[in-house]
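Q: need coordinates for the following:
(2 chains)
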Amino acid sequence: MGTKMFSESAIERIEQEYKEWLHEYEKALQKLPERLERFSTVSDMEVKNLYTPLDIKNKDFMEDIGFPGCYPFTRGVQTTMYRGRLWTMRMFAGLGTAEQTNERFHYLIDHGETGLSVAFDFPTLMGYDTDSPLARGECGRCGVAIDTIDDMQRLFARINLEEVTTSMTINPPASVIWAMYIANAENEGYSRKKLGGTIQNDCLKEFIAQKTLMLPPEPSIRLVVDTVEFGTREVPRWNTISISGYHIREAGATAVQELAFTIYDGITYVEECIKRGLNVDDFAGRLSFFWNSHIDFFEEIAKMRAARRMWARIMKNRFKAQNPRSMMCRFHVQTAGCSLTAQEPYNNIIRTTTEALAAILGGCQSLHTNSLDEVYMIPSEFAVKIALRTQQILAYEVGAANVIDPLAGSYYLEALTDRMEEEANEYIRKLDEMGGMVAAIEKNYPQMEIAESAYRFQQQVERGEKAIIGINMFPSEIPPLEVLKIDPEIERLQIERLHKFKEKRNKVKLQKALDELRRRCEGKPCWENNVMPALIEAVKAGATEQECCDVYREVFGTYTDPASF
Amino acid sequence: MGNERKLRILVAKPGLDGHDRGARIIARALRDAGFEVIYTGCHQTPEQIVQTALQEDVDMIGLSILSGAHNYSFPRIMELLKENNAEDIVVVGGGIFPLEDIPKLKSIGIKEIFTPGAKLEDIIKWVRENVKPRKVAA
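A: Below you'll find the predicted structure:
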């Protein structure tokens, strides 16, 4: 028995009245035409002038909307949501050396942040040590440089690793960095069973959007499955993947494309883990997601609600998961970096506030708010404090966290949520037909879909069809901001420190550990050849990040950006 | 005018960062404006970029970067162009970096820096006005 929200007679009556109202609207337009020729979301989804029960007349409350903490989780994954506990305020931070970043962590904790999130520099993200010729000029610039377990120890000095949860944005070398985190925590006396956090570890979105590339798709996925398998057995509180739409959106995707490609990446990981022999209900509860909160307020809330409902349905119907936890799309949100402007940067505070409010009303589990100066550099202390305060004001002052999913039942929002799901499902069907995400990536399909959207948006901005205040509307000049400076000297110091570290190692023990890592990589993917135990041994024996990644590169080969545009 | 060969432009991404949205949009816009465009893809060293520029016989290089390594890679590219007697290739830059770095980059011979928010139309206009074919095509 269904739980339809409107009776047929009510709908009939509304339909009649709506027609009459439309007539009045047309008449009113004779006097004052609409402001725009066409109204659409930032993703270019056309929107109507008014939404009514007619737009959601087929909705079934229990099937489609329901209650928080209950399937299909449209209204949130927890029963009590923010009335019980607020989202984790998790500011993305990383700059210069491990000590400098540790200082930033403590600064943020002292000002009330509740979770850590590490930004690594590009050499670390690409699997190179600071002394690699490819790393010249990059050390500590876009994040922190982590080459060794000693760097990891300095990064988390004076932080209780069983109390705080740590998110690490790391992709091709995720297994290595995670091994360093676990090994360091164990050296410090913590139990791996009690460690909580997330490694981003989503290789597919790298091929699609972010381009932090190292290995070809197949071995990349194998390493992801290794981490999921290891986490399932050994680090039960860890989120082994953060399936990330964020970067897909930043690369120019629409909200629907972000939703569809990310969910499909999730489908791919679940399939691969099942192929390894894992039981879906043993690992799916530890998959997490990462969404972008862009500038179009309602579209973003709808996207996050649609994501939860889609994932729940996919896990239940496609993968036959039994445990409700396996069906929960738990997610972190970051406000949209690409929505910020270098011109009039103070406006970025307002953009970020709105995007953060959308994330909260969308029901995120953790949130990063961008700093106003990130269009120039990684944020200064001054700017990052305002960004954290933005979350705190939204959490404690405005009342947005007092009611669970307060926008449910809004005719517009529910209609938009439905449309998100329908259009994303269209992409999912297409990707299924193409033979899955790896096949689609090889055909350059998601990459070019995103490039199209990015180019179209840029043209809309230039034609003035999409407004950006301070750029194509009301532009003005204001004095430049004071931005953070990274001392170029730290590169030399980090290299010096790395070389000293290398001299101290027991070469025999190190070689043995790296040989074992190689043997496992060369072997068939299975628990006996899981790379994680070997990596933990290797980094404890002093293997650097690059030395481990070099083993990967030698065994699996490398991948380069196909340079399409 | 019709006989003049099309300008050849290399759009290049030096360094390890993968943020190529801007580079790809610019590459498309320049192509749509009628130029011949070659794009390097991500993760190029200064050596690779200069080698490609020489091989492809380009008239202009557009560098796009976010990572903060511009203070190393841009000067290195200018140096390599000079070493190869190719300093007449017009080099422009764009991306995310502190505004105070712009005068330094211009002082080493980067002709123009387009900051975030620059209009495609303005970039194309700048190219038309400031870049001439290096030599007559054979």
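Q: for chain B, which helix is longest?
A: When chain B is parsed with DSSP state H, its longest helix is helix B:70-83.
Q: burial count for whatever residue of the stretch 1-150 of chain A ends up closest to chain B?
A: The minimum distance from the stretch 1-150 of chain A to chain B, using C-beta to the nearest C-beta, falls at A:G137 (2.6 Å). Bear in mind the C-beta positions are built from the backbone N, C-alpha and C, glycine included. Residues contacting A:G137 under the criterion other C-beta atoms under 10 Å in any protein chain shown number 24.
Q: same question, the one 4 residues further on
A: Look at A:R141: counted by other C-beta under 10 Å, it has 30 neighbours.
Q: buried residues of the longest helix of chain B, list them for me.
A: Buried positions in helix B:70-83, judged by neighbour count with 16 or more other C-beta atoms under 10 Å in any protein chain shown: B:H70, B:N71, B:Y72, B:S73, B:F74, B:P75, B:R76, B:I77, B:M78, B:L80, B:L81.
Q: so residue 92: helix, strand or coil?
A: Chain wasn't specified; assuming chain A. On the three-state scheme (DSSP: H, G, I helix; E, B strand; the rest coil), A:F92 is labelled strand.
Q: wrong one, chain B
A: Strictly by three-state DSSP, B:V92 counts as strand.
Q: related to what we said a few turns ago, name the nearest residue to the residue of the stretch 1-150 of chain A closest to chain B, sequence neighbours excluded.
A: Once flanking residues are discounted, A:G137 sits nearest to B:Y72: 2.6 Å by C-beta to C-beta, 6 or more residues apart in numbering or on different chains.
Q: quick one: mean pLDDT over stretch A:387-396.
A: What stretch A:387-396 shows for mean pLDDT is 98.
Q: is chain A within reach of stretch B:11-26?
A: Yes. Against chain A, stretch B:11-26 shows contacts by C-beta under 8 Å from any C-beta of the partner chain at B:V11, B:G15, B:L16, B:D17, B:G18, B:H19, B:D20, B:R21, B:A23, B:R24, B:I25.
Q: tabulate those in JSON lines, adding columns for pLDDT and neighbour count.
A: Shown next, in JSON lines, are those (pLDDT from 0 to 100; neighbours: other C-beta atoms under 10 Å in any protein chain shown):
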{"residue": "B:V11", "pLDDT": "98", "neighbour count": "28"}
{"residue": "B:G15", "pLDDT": "95", "neighbour count": "31"}
{"residue": "B:L16", "pLDDT": "95", "neighbour count": "30"}
{"residue": "B:D17", "pLDDT": "93", "neighbour count": "27"}
{"residue": "B:G18", "pLDDT": "93", "neighbour count": "25"}
{"residue": "B:H19", "pLDDT": "94", "neighbour count": "23"}
{"residue": "B:D20", "pLDDT": "95", "neighbour count": "30"}
{"residue": "B:R21", "pLDDT": "95", "neighbour count": "23"}
{"residue": "B:A23", "pLDDT": "96", "neighbour count": "25"}
{"residue": "B:R24", "pLDDT": "96", "neighbour count": "25"}
{"residue": "B:I25", "pLDDT": "96", "neighbour count": "21"}
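Q: so which of these sit within helices?
A: Counting by DSSP H, these place B:R21, B:A23, B:R24, B:I25 in helices.
Q: any idea how far A:N292 is from the third one?
A: Between B:R24 and A:N292 the computed distance is 18 Å (C-beta to C-beta, to the nearest Å).
Q: try the second one
A: In this structure, B:A23 and A:N292 are 20 Å apart, going by C-beta to C-beta.
Q: next one: A:A260
A: As judged by C-beta to C-beta, A:A260 and A:N292 stand 14 Å apart.
Q: can you name the residues that contact B:P46?
A: B:P14, B:S73, B:R76, B:I77, B:L80 (C-beta atoms under 8 Å, 6 or more residues apart in numbering or on different chains).
Q: if we use 10 Å, what do you get?
A: Residues in contact with B:P46, defined by C-beta atoms under 10 Å, 6 or more residues apart in numbering or on different chains, are A:136-137, B:12, B:14-15, B:63, B:69, B:72-81.
Q: same check on A:L407?
A: A:L407 neighbours (C-beta under 10 Å, 6+ apart): A:R75, A:F297, A:F298, A:I301, A:A302, A:R305, A:A358, A:L361, A:G362, A:L413, A:E414, A:T417.
Q: neighbours of the last one, how many?
A: Just to be clear, that refers to A:T417. 29.
Q: could you say which helix or strand contains it?
A: Take DSSP states H and E as the rule and A:T417 turns out to sit in helix A:411-433.
Q: can you give me the buried ones in that helix?
A: For helix A:411-433, by 16+ other C-beta under 10 Å, it's A:411-421, A:423-425, A:427-428, A:431.
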